[in-house]
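Q: Predicted model follows, preceded by the sequence.
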Amino acid sequence: MTVVRDEKLTIYTQDAVAADYDLRWRGRRGAARDERKRRAVRTALGALGTAHSVLDVPCGTGRLSELLATHERVYTGADAALAMLRVATERRPGTRFVAADLAHLPFADSSFDVVVCIRLMHLVRDADLRAAFLRELARVARVGVIVDYRNDRTLRVRWSRLLARVGLRARGPNAHARAAFAAELTAAGLQPVAFVPVRRIPYVSNKEVIAARI
């Protein structure tokens, strides 16, 4: 999102990066990673019950649009990176995509049953900005929010933080204790109801998807 100055986010405004973005989900390993995340999002959706409308923000190139859009569910994808939206509209014609900044979504309160936010929070290191984003997600949702983050329980996170401490890495990963991130959700007016690990093997996956009700 444009309000976040982290390099890993600002690169998505570049046309070349947007054009190649979907390549990461191809091939055997990429497809497996993609399916693991889709499975976790499907489980989180189930925990929230029936949803007739969904907002996907940031939607990127519309990676999750086919999963989230059904005959019974109206889909809207939103992103602040115009380069990503151009790719989304070209590759997924007929799907509704809009330019929008998560800090100030152009939607009225309770506009969507469920709001989905995937692959963003691990890039938002500023706690106040994270809180502002979560409040905005909650504001436009009627039923609940699905959001992923990186937890700090895994061996990968602990190893990366050790490398950062000894100077072999610029900085540690933006990972949080489950209770700490749940507290941020609660402060934003959201009640966590399901924690879904992307990988099912304990201490391996640092990615977790949360379903939270309004």
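A: Done, it's in. Numbering: from 1, shown residues only.
Q: And the biggest helix by length in the chain, what's buried?
A: With residue count as the measure and DSSP state H as the assignment, the chain has helix 27-48 as its longest helix. Neighbour counts over helix 27-48 (16 or more other Cβ atoms under 10 Å) mark R33, D34, R36, K37, R38, A40, V41, A44, L45, A47, L48 as buried. All C-beta atoms are positioned from the backbone trio N, CA, C, and that covers glycine.
Q: Contacts only, for the residue positioned nearest the centre of the chain.
A: Among the residues of the chain, the one closest to the centroid is I118, at 1.3 Å (Cα atoms, centre = their mean). Shown in contact with I118 (Cβ atoms under 8 Å, 6 or more residues apart in numbering): K37, V41, D56, L64, I146, V147, D148, V209.
Q: Okay, and which of those map to strands?
A: The subset of these located in strands under the criterion DSSP state E comprises D56, I146, V147, D148, V209.
Q: Nearest to R169 among those?
A: For R169, the nearest member of those is D148. The distance, counting by Cβ to Cβ, is 22.5 Å.
Q: From E72, how far out is that closest one?
A: Going from D148 to E72 by Cβ to Cβ, to the nearest Å gives 24 Å.
Q: So these two - more neighbours on which side?
A: In this comparison of D148 against E72, neighbours counted by other Cβ atoms under 10 Å, the higher total goes to D148 at 21 against 8.
Q: hmm, who's touching stretch 87-104?
A: Outside of stretch 87-104, the residues within contact range by Cβ under 8 Å, 6+ apart are 1-3, 18-19, 21-22, 57-62, 65-66, 69, 74-80, 82, 85, 106-107, 117, 120, 129, 132-133, 136-137.
Q: Leaving out chain neighbours, which residue sits closest to R165?
A: Ranked by Cβ to Cβ, 6 or more residues apart in numbering and with sequence neighbours excluded, the top spatial neighbour of R165 is G172, at 7.7 Å.
Q: Now do the same for that neighbour: its pLDDT.
A: Reading off the confidence values, G172 has pLDDT 89.
Q: neighbours of it, just the number please.
A: Other residues within reach of G172, judged by other Cβ under 10 Å, total 16.
Q: list the contacts for it?
A: Counted by Cβ under 8 Å, 6+ apart, G172 has contacts V157, S160, R161, L163, A164, R165.
Q: backbone phi and psi for the fifth one, please?
A: Backbone torsions for A164, taken as degrees, to the nearest 10, come to phi -70, psi -40.
Q: okay, now it: neighbour count?
A: When neighbours are defined as other Cβ under 10 Å, A164 has 14 of them.
Q: do the same with the fourth one
A: L163 has 14 neighbours, counted by other Cβ under 10 Å.
Q: Now the residue nearest to it when sequence neighbours are not counted: which helix or strand?
A: Counting by Cβ to Cβ, 6+ apart, L163 lies nearest to R169, which is 4.0 Å off, once chain neighbours are set aside. Under the assignment given by DSSP states H and E, R169 is not contained in any helix or strand.
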